[in-house]
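*Asks:* got a structure for you, letters missing:
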């Protein structure tokens with residue numbers, strides 16, 4: 001197939017550009033809430049709730065990355081096992097011919 005575009009199309013860059021913008025907007029909103037609660041309010045229960053949420057999200061993110069890394073390693077190992085050449089089978093078959101009928 002002949003490539004007609006002068007610059008090769010990068011699917012990865014197009015795919016992740018929208019995700020980057022959305023992720024940054026979510027982080028910005030999250031940080032704004034944290035700053036507002038921690039520095040602008042005097043309610044101790046709200047502060048402890050926000051701090052517990054931050055701790056929970058930190059552990060969730062760490063668990064995600066650890067789990068993803070472990071899952072990827074398992075998948076690589078399984079794929080390597082599948083791609084290894086299998087030894088030829090040593091099974092031999094014998095075909096028995098029926099005995100001649102007695103005359």
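*Replies:* All right, it came through fine. The structure displayed is predicted, hence computed values, not measured ones.
*Asks:* hey, let's count contacts and neighbours off CA atoms from now on
*Replies:* OK.
*Asks:* got the buried residues for the lengthiest helix in the chain?
*Replies:* Counting by DSSP state H, the longest helix found in the chain is helix 44-83. Residues of helix 44-83 classed as buried by neighbour count (16 or more other CA atoms under 10 Å): 47, 50.
*Asks:* same question for that helix, mean pLDDT?
*Replies:* Averaging pLDDT along helix 44-83 gives 84.
*Asks:* where does residue 25 land in three-state SS?
*Replies:* At residue 25 the chain is in helix, as set by DSSP: H, G, I helix; E, B strand; the rest coil.
*Asks:* next, find the distance separating the residue positioned nearest the centre of the chain from residue 52.
*Replies:* The residue lying closest to the centre of the chain (CA atoms, centre = their mean) is residue 68, at 5.2 Å. From residue 68 across to residue 52, the span is 24 Å (CA to CA, to the nearest Å).
*Asks:* same question for residue 18.
*Replies:* For residue 18 relative to residue 52 (CA to CA), the value is 30 Å.
*Asks:* try residue 33
*Replies:* Separation of residue 33 from residue 52 (CA to CA) stands at 14 Å.
*Asks:* now swap in residue 63 and tell me
*Replies:* Look at residue 63 and residue 52: by CA to CA, they are 16 Å apart.
*Asks:* repeat that for residue 42.
*Replies:* Going from residue 42 to residue 52 by CA to CA gives 17 Å.
*Asks:* one more: residue 72?
*Replies:* Counting by CA to CA - residue 72 and residue 52 are separated by 30 Å.
*Asks:* for residue 86, same thing?
*Replies:* Residue 86 is 53 Å from residue 52, by CA to CA.
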